[in-house]
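[1] Pasting the sequence and the predicted coordinates here, then a few questions.
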Amino acid sequence: MLLAKRRSLARLEAKTRNMGADLKKIMEDLETSKKCKRAFEDLQIKALEAAQEL
């Protein structure tokens, strides 16, 4: 019984580590998407300003 609990705990700890790594990647991707969104918005503003000058 104790051995089974130990194995179960080891599996859960491994899953926790994997989830932590997955979360880190998701957060990095979120930051990248925020930067892209800001760059897109800046380009959109510049395009609107250029269009008004035509």
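    Structure's in. What do you need?

[2] can you map out the helices along this protein?
    Ranges of helices in the chain, per DSSP state H, are 2-52.

[3] Would you mind measuring from the spatially most central residue of the chain to residue 1?
    Taking C-alpha atoms, centre = their mean, the centroid of the chain lies closest to residue 26, which sits 2.4 Å from it. For residue 26, the distance to residue 1 (C-beta to C-beta, to the nearest Å) stands at 37 Å. Where you see a C-beta, it was placed from the backbone N, CA and C, and this is true even at glycine.

[4] What of residue 11?
    Distance from residue 11 to residue 1, counting by C-beta to C-beta: 16 Å.

[5] Which residue of those two possesses the greater neighbour count?
    residue 11 (10 against 5; other C-beta atoms under 10 Å).

[6] got the contact list for the more buried one?
    Not one residue lies near residue 11 by C-beta atoms under 8 Å, 6 or more residues apart in numbering.

[7] Next one: it from residue 37, what distance?
    In terms of C-beta to C-beta, residue 11 sits 38 Å off from residue 37.

[8] State the number of residues packed around residue 43.
    Neighbour count for residue 43, taken as other C-beta under 10 Å: 10.
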